[in-house]
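# Here is a sequence together with a model predicted from it:
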Amino acid sequence: MLLRKRLPGDHPKVIQLLESAGLPPDGLEHTDGWVVESEGFLVGHVAVEFTPEVAVLRSLIVHPSQRGKGLGERLMTEAEAQAGARAFVLKTDTAGPWMERRGYQKTTLDHVPASVRSTTQFSGQLCSGTPIYLKENTMDFDTLKAAVRERYAGFVKQNTSCCGPISKGCGCSSTLEDPSLKIGYEIQDVKAVPDGANLGLGCGNPVALASLKPGEIVLDLGSGAGFDAFLASKRVGSQGRVIGVDMTPEMIARARSLADRHGYANVEFRQGDIEQLPVEDAMVDAIISNCVLNLTTDKAQAFREAFRVMKPGGRLMVSDLVLLKPLPAIIRQDLDAYAACMAGALLKDDYLAAIHAAGFAQVEVVGESSFDIGDTMASEVEAAQRRNPAITAADLKAAAEAVVSLQIQAIKPLQAASQTTDLMSPSVKELVAIGAAIASNCEPCFKYHYDAARKLGVSKEDMREAVNVALAVKATPHRKVVEAADRLLTLTNPDTPAEIEGCACGSGNCS
């Protein structure tokens, strides 16, 4: 089954699918949508309508013949991934308990951002009286990344692991046994890498399960000080290559230093975000990652990037932490808990759905175990309460009981490239759309595609270039839309001679 962006030609089939379940199709033209296609038939759909503050999720439907296969989870994961830092809002009178398990809370119209009233679902009488559910995005992405970067830089600077001195490790064991031996590594693995590479930050051994072969190119997502990358380098040999990507400068510096000092000529380390990998398309044979993807602020995008850089037929092997049940709300909002792999973890089903949604096939959990983060001690409660006095020992205990470690493998289908007719990447499409918005004098269109491009990581420099190209094509641009572009992008000498009022798109719906 293929999950893809909804196309204009899909609308009649989507409307038929919605009406068969008694769901209103009104206003569908104002939304972005995604569909699941099976053998030429649309069997699932979800739509999102955006305001600057909220993403209104609506029209979620799975054909009765396909229910129970996780398609609803896949669609919701894809839709939520588009929201950026916005809050999620929806109406439902049938799926309330399911939404609550996903972290949504029942609320009233008075408790959601006012801009929601401008959307189809909340203007007029459409679905009036239907219960409202809200999930707030309480953490700013930049703040989260800064917290993670600071925490992991500290492991290098202070020579500590995720729970304390390196001898304790992530399991927080009171013994002196290397924690890596408890999560799948052998003593020869620990002895095979340079001192300082193993910081005890993992929750599994993806290298052992990745079936690496001589001559392969391997990508390590969140490579840290190089532990797994150095192990992988021995598996692929001198004809192979290992690339480690990490966003923390201190980690990259240590890994590069160790590689240079110990002669790892087939290993290189690149600084960058997992959501925007500094790696070429279809380049790597295998991707490994060890307890890192749960730290990303956009996990769906991280898996899409992994899919992009992998060769058809390539293999994904991930060790990571997931949740069996939602965390207490107060823990979800704790920056320290996020940086410690906990508050950012997804529910198990959502995590697997994100891998499926990225395009991977044969997604399989090959190992699952409870993750020992230790008993809740008085000192840990005191430390948590210094960050937030409202955190209790019961909150910490509930969080610990929710976490498990998974070992997951998947492949990129050999025919993955033929499943889409798109000739442009999502980033290029948004740049083209920005130029079209300028050329057609459509301010709502420009703002929409500006937000979409920012979510994809497109630089303002590239967006400025797209605007300048459009200005060169259109000699007399509309003042209002160019002023909007100038406010958001700080254009150089914007040409705004026209004194025309209104929008060329009429009601704001560009044709």
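Sure thing, it's come through. In this text, all values refer to a predicted model and were calculated from it rather than measured experimentally. Numbers count the residues shown, from 1 in each chain.
# What residues of stretch 205-218 count as buried?
Using 16 or more other Cβ atoms under 10 Å as the test for burial, stretch 205-218 gives 205, 206, 207, 208, 209, 210, 212, 216, 217, 218. From N, CA and C alone the C-beta is placed, and that goes for glycine too.
# now stretch 102-121
Going by 16+ other Cβ under 10 Å, stretch 102-121 has these buried residues: 102, 103, 104, 112, 116, 119, 120, 121.
# Between the buried residues of stretch 205-218, which sits nearest residue 287?
Closest to residue 287 out of those is residue 218 (7.4 Å), distances taken as Cβ to Cβ.
# Identify, from the buried residues of stretch 102-121, the entry nearest to residue 443.
For the buried residues of stretch 102-121, the nearest to residue 443 is residue 119 (18.0 Å; Cβ to Cβ).
# before we move on, the earlier item: taking the buried residues of stretch 102-121 together, which two end up most distant?
103 and 120 (24.1 Å).
# residue boundaries of the helices in the stretch 351-500 of the chain?
In the stretch 351-500 of the chain, the segments counted as helices under DSSP state H, counting those that start in this stretch are 378-387, 393-402, 426-439, 443-455, 460-473, 479-489.
# Alpha carbons of the third one, as CSV, please.
In CSV, the C-alpha atoms belonging to helix 426-439 read as follows (Å, rounded to 0.1, in the frame of the first residue of the first chain):
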residue,chain,number,x,y,z
PRO,A,426,9.5,18.6,-1.8
SER,A,427,11.9,21.5,-1.2
VAL,A,428,12.1,22.4,-4.9
LYS,A,429,8.3,22.2,-5.2
GLU,A,430,7.9,24.7,-2.4
LEU,A,431,10.5,27.1,-4.0
VAL,A,432,8.6,26.9,-7.3
ALA,A,433,5.3,27.5,-5.4
ILE,A,434,6.8,30.6,-3.7
GLY,A,435,7.8,32.0,-7.0
ALA,A,436,4.3,31.3,-8.4
ALA,A,437,2.7,33.0,-5.4
ILE,A,438,4.8,36.1,-6.1
ALA,A,439,4.0,36.1,-9.8
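# The nearest residue to residue 413 once chain neighbours are set aside and residue 278, how far apart?
Spatial nearest neighbour of residue 413, chain neighbours left out: residue 361 (4.8 Å); criterion: Cβ to Cβ, 6 or more residues apart in numbering. According to Cβ to Cβ, to the nearest Å, residue 361 and residue 278 sit 26 Å apart.
# Of all the helices of the stretch 351-500 of the chain, which one comes closest to residue 29?
With Cβ to Cβ as the yardstick, what comes closest out of the helices of the stretch 351-500 of the chain is helix 443-455 (13.3 Å).
# Any idea what residue 243 is bridged to?
Beta-bridge partners for residue 243, by DSSP bridges, are residue 219, residue 268.
# Now do the contacts for it.
217, 218, 219, 220, 267, 268, 269, 270, 279, 284 (Cβ atoms under 8 Å, 6 or more residues apart in numbering).
# export the helices of the stretch 351-500 of the chain to CSV and tack on mean neighbour count?
Below are those laid out as CSV (neighbours: other Cβ atoms under 10 Å):
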stretch, mean neighbour count
helix 378-387, 13
helix 393-402, 17
helix 426-439, 20
helix 443-455, 20
helix 460-473, 17
helix 479-489, 19
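# I'd like these as JSON lines, with distance to residue 58 and mean pLDDT appended.
Output for the helices of the stretch 351-500 of the chain, formatted as JSON lines (distance: least, Cβ to Cβ, whole Å; pLDDT from 0 to 100):
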{"stretch": "helix 378-387", "distance to residue 58": "37", "mean pLDDT": "72"}
{"stretch": "helix 393-402", "distance to residue 58": "29", "mean pLDDT": "80"}
{"stretch": "helix 426-439", "distance to residue 58": "22", "mean pLDDT": "86"}
{"stretch": "helix 443-455", "distance to residue 58": "17", "mean pLDDT": "83"}
{"stretch": "helix 460-473", "distance to residue 58": "29", "mean pLDDT": "83"}
{"stretch": "helix 479-489", "distance to residue 58": "27", "mean pLDDT": "68"}
